[in-house]
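Q: Quick one, what's the 3D model for this:
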Amino acid sequence: KRLLESNKTELSAVPGGGWRMISMDTSKPPFDNIDVRKAVIAGFDRAAARQQRGGEALGPVAQHLIPPGMAGFEESNGLDGWVDEMDWLAAEYFKKAGYASGKYEGGEELLIVGDNADPDKSIAQITEQQLNEMGFKTKLRLVTRDTMFTKFCNVPDSEVSVCPSVGWAQDFADPQTMLDPTFNGNNIIETGNSNWPELDVPELNEQIEAAKLVTDPAERASTWAEVNKAIMEQA
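A: Numbers count the residues shown, from 1 in each chain. Down below sits the predicted model:
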């Protein structure tokens, strides 16, 4: 904070090779409906969540899942991603999902489990508030970070609908490390699961498995950029 206020010219930042995510469980209602997911993404104020971590100085609001400086980032249209192709409107997509009011109308209570320490605590509270404004009924449970992972977010059978305190960083500088453990349905496991959305789309799984075998650097970058876009299209 002091650097940004008084010595901004002395501060430089480099990409950390990762992202943070508020994940929705796509394996069960209501987020098994892609139009509901699109509606939430369209209506969610991600800048408000970023502000809790330091605002613009933290980094850009991610538009896709390959970070700056990694092969496939530029092939994914850099910082812009595919925003123009995925210009979703919240009310429109809630209506497509069958909710005439333009908000979610289901009566079930969604469990949100987040880290009980700030800034993640604040982001979990922001997440609940924004989902409530969209019509969702929620129950927020804040626990220690290790409990959040070992008993809830990393355990598919825990029935958590939203995990607002998860994120991923590269194991090494290759897009496979960002997209395979986190979005390949073949990697969903009973404990220690890192595919938090439990995304399991057969065509996407096959696309990921094929991309692993590409060795030419330029072709590999473009192939994983295509995987990246396919994941984003799944909202």
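Q: Please enumerate the strands of this protein.
A: Applying DSSP state E to the chain gives strands spanning 18-24, 109-115, 137-143, 162-169.
Q: And those strands: which comes nearest P181?
A: Minimum separation from P181 across the strands of the chain (Cβ to Cβ) falls at strand 162-169, 7.6 Å. C-betas here are computed from N, CA, C, even on glycine.
Q: what sits up against the closest one?
A: The contact list for strand 162-169 (Cβ atoms under 8 Å, 6 or more residues apart in numbering) reads 16-25, 49, 110-115, 120, 123-124, 127, 131, 138, 145, 148, 152-153, 178, 181-182, 194, 196.
Q: one step back: kindly reformat the strands of the chain as JSON lines containing distance to E209.
A: As requested, these are exported to JSON lines (distance: least, Cβ to Cβ, whole Å):
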{"stretch": "strand 18-24", "distance to E209": "22"}
{"stretch": "strand 109-115", "distance to E209": "31"}
{"stretch": "strand 137-143", "distance to E209": "35"}
{"stretch": "strand 162-169", "distance to E209": "19"}
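Q: quick one, what contacts K139?
A: Residues near K139 by Cβ under 8 Å, 6+ apart: 109-112.
Q: repeat for D25
A: With contacts defined as Cβ under 8 Å, 6+ apart, D25 is in contact with 31, 160-162, 196-198.
Q: same question, Y99
A: 105, 135.
Q: The same query, at a cut-off of 10 Å, please.
A: By Cβ atoms under 10 Å, 6 or more residues apart in numbering, the contact set of Y99 is 30, 35-36, 39, 91, 93, 105-106, 134-135.
Q: now swap in E128 and tell me
A: 110, 112, 114, 136, 138-140, 162, 164.
Q: now these: which count as buried?
A: Those of those that meet the buried threshold are 110, 112, 114, 136, 138, 140, 162, 164, by 16 or more other Cβ atoms under 10 Å.
Q: what's the neighbour count on the residue nearest to D171 when sequence neighbours are not counted?
A: Leaving aside its sequence neighbours, D171 sits nearest to T177 (Cβ to Cβ, 6 or more residues apart in numbering; 4.3 Å). Neighbour count of T177, defined by other Cβ atoms under 10 Å: 17.
Q: Name the residues of the worst-scoring helix or strand of the chain on mean pLDDT that come out as buried.
A: Ranked by mean pLDDT, DSSP states H and E, the weakest helix or strand in the chain is helix 2-6, scoring a mean of 85. Across helix 2-6, burial judged by 16+ other Cβ under 10 Å covers no residue at all.
Q: Contacts for it next, please.
A: 9-11, 54-57.
Q: how distant is it from the center of its chain?
A: Taking Cα atoms, centre = their mean, to the nearest Å, one finds the center of helix 2-6 at 30 Å from the center of the full chain.
Q: Can I get the lengthiest helix in the chain as CSV, trimmed to CA atoms?
A: The longest helix of the chain (DSSP state H) is helix 217-233. Coordinates of the C-alpha atoms in helix 217-233 are reproduced here as CSV (Å, rounded to 0.1, in the frame of the first residue of the first chain):
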residue,chain,number,x,y,z
PRO,A,217,5.7,-25.7,-29.1
ALA,A,218,3.6,-23.5,-31.5
GLU,A,219,1.0,-26.2,-32.1
ARG,A,220,0.9,-27.0,-28.4
ALA,A,221,0.2,-23.3,-27.5
SER,A,222,-2.7,-23.1,-30.0
THR,A,223,-4.1,-26.5,-29.0
TRP,A,224,-4.2,-25.6,-25.4
ALA,A,225,-5.7,-22.2,-26.2
GLU,A,226,-8.6,-24.1,-27.9
VAL,A,227,-9.0,-26.2,-24.8
ASN,A,228,-9.0,-22.9,-22.8
LYS,A,229,-11.8,-21.5,-24.9
ALA,A,230,-13.8,-24.8,-24.7
ILE,A,231,-13.7,-24.6,-20.9
MET,A,232,-14.8,-20.9,-20.9
GLU,A,233,-17.7,-21.9,-23.2
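Q: Fine by me, thanks again.
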